[in-house]
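S.K.: Provided below are the primary sequence and the corresponding predicted coordinates.
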Amino acid sequence: MHGHRDAGVAGQPEERAVSNNRTDQPAVKRPSFYTAAETAEILRLDESTLYRHLRNGTFPGLKIGGRYVVPGAVLDRLVDDVLVTGRCVDLGAWTEQWRHDQIAALGRVAAANVELPGGVA
């Protein structure tokens, strides 16, 4: 199996499989959230740059107290979107589109769960 070592949630190394579209490889659990330092390393950028984007809201993250974490799903989607478009993705525009998609999905879920009196839609 081809793979590389990645920092886990508690700073412990974690094995992460590199996808080569083979179905015989077991899935390796990745962290749900990455620290800002881990995210900056994954994206190969300066940590201060990532913090600036997190503070400005131009990169999705979660602030808990004074600390920022980034959902692994955000990184997965960013990579997927870059691969789908086959071109450079502008982070600010990508984040705005991501936000729009999330709000639209929440709206669809809320609309599907609304029950009107008398069963009228």
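M.R.: Yes, it's here. As the structure is a prediction and not an experimental result, all values here were calculated from the model.
S.K.: any idea how far Thr58 is from Tyr51?
M.R.: Distance, Tyr51 to Thr58, by C-beta to C-beta, to the nearest Å: 11 Å. Any C-beta I mention is one placed from the backbone N, CA and C, and that applies to glycine too.
S.K.: try Thr95
M.R.: From Thr95 across to Thr58, the span is 5 Å (C-beta to C-beta).
S.K.: Comparing the two, which residue is more hemmed in?
M.R.: Comparing Thr95 with Thr58 by other C-beta atoms under 10 Å, the one with more neighbours is Thr95, at 18 against 15.
S.K.: Go through the helix or strand harbouring His100 and flag the buried ones.
M.R.: If you go by DSSP states H and E, His100 is part of helix 91-112. Judged by neighbour count using 16 or more other C-beta atoms under 10 Å, the buried positions of helix 91-112 are Trp94, Thr95, Trp98.
S.K.: Then stretch 69-77?
M.R.: For stretch 69-77, by 16+ other C-beta under 10 Å, it's Val69, Val70, Pro71, Gly72, Val74, Leu75.
S.K.: Before I go, just wanted to say thanks for your time.
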